[in-house]
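Q: model this:
(one chain, ligands or ions: 1)
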Amino acid sequence: MLVIDTSFPATGFNERYGEPVRQVILHYTALPFASSLRILTQDGVSAHYLVPDPEEPSYRAASYDELRVFRLVDESRRAWHAGVSHWEGRDNLNSRSIGIELVNLARDDAGVFTFPAYAEEQIEVLIALLRDIVGRYPQIEPAGILGHSDVAFGRKSDPGPSMPWRHLHEAGIGAWFDEATRAMYQRRFCVELPPEVEVERAFQRYGYAPAKNRQGFEQRTRAFQMHFRPRDYCGFLDAETCAILYALNEKYRGL
Ligand SMILES: [Zn+2]
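A: Below you'll find the predicted structure:
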């Protein structure tokens, strides 16, 4: 059951100027509910939705009967959540996306990350919200359900490897690869990885921005792994990572 609360409208947004919604971008707040709500409604950043963590103390203190979703910006307006971003050859994804912030107390201590698990109920509410959104925007394809790190790698790590993307896919939301196709490619790539120029093309074909240099290549690999191979997101390109990428392109990009 999806309960949408609209009593905390954000002030930071503008018009979409007719751009159709093509992506949904997931974020974590790295802050408790109360401060997330304050920052997302009063400062220069915003998002369409905020999904609290039911166990987080500042949400419990608010004494709502159920886990509700807060709509801060109307979907017809352009919220300010993605910043400098890129997907499928397009920049500035705020214009064409819906942004969802999830309360999660992830930490970045000078590059050492802690990614706590998302609450089970929070993910179930997120799935209900995403089903509702995707039902109203048929042009949002599975591969268009993205993490902030997918569209701003190197700069952002949210929603992090704790986001259960595979579970979302099994609930009918977002992309995931076919296991048999992944295994077929992996057997091939264990013998020899494809040339890096081909891997570069494959990343871009799926939607990722080009890598400007070696560091960018590794940051993008890390972002991809956080999404599709969360048990190991070291940023090193290996046979399994390549195989997942090729399996995704085969399934969603017709190649
Ligand atoms: Zn973010």
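Q: distance between the helix or strand containing Arg78 and the chain's centre?
A: For Arg78, the enclosing helix or strand under DSSP states H and E is strand 77-79. Strand 77-79 sits 17 Å away from the centroid of its parent chain (Cα atoms, centre = their mean, to the nearest Å).
Q: contacts for it next, please.
A: Outside strand 77-79, the residues that touch it by Cβ atoms under 8 Å, 6 or more residues apart in numbering are 10, 12-17, 19, 46-48, 72-73, 94-95, 98-99. C-beta: built from backbone N, CA, C; applies to glycine.
Q: repeat that for stretch 207-216.
A: Residues from elsewhere that reach stretch 207-216, judged by Cβ under 8 Å, 6+ apart: 86-88, 143, 146, 150-151, 153-154, 200, 203-204, 217, 219-220, 223-224.
Q: change it to 6 Å
A: 86-88, 204, 217, 220 (Cβ atoms under 6 Å, 6 or more residues apart in numbering).
Q: show the buried residues in these.
A: The neighbour-count test (16 or more other Cβ atoms under 10 Å) marks 86-88, 217, 220 as buried among the contacts of stretch 207-216.
Q: dump those residues into TSV; add pLDDT, secondary structure and distance to Met184 as well.
A: Formatted as TSV, these follow (pLDDT from 0 to 100; DSSP: H, G, I helix; E, B strand; the rest coil; distance: Cβ to Cβ, whole Å):
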residue	pLDDT	secondary structure	distance to Met184
His86	98	strand	30
Trp87	98	strand	27
Glu88	97	coil	26
Phe217	98	helix	25
Arg220	98	helix	24
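Q: farthest pair in those residues?
A: Farthest apart among the buried ones among the contacts of stretch 207-216 by Cβ to Cβ are Glu88 and Phe217. That separation is 18.8 Å.
Q: return the set of residues that bridge with the residue nearest the centre of the chain.
A: Ranked by distance to the mean C-alpha position of the chain (Cα atoms, centre = their mean), the top residue is Gly147 at 1.5 Å. Gly147 has these beta-bridge partners by DSSP bridges: Leu26.
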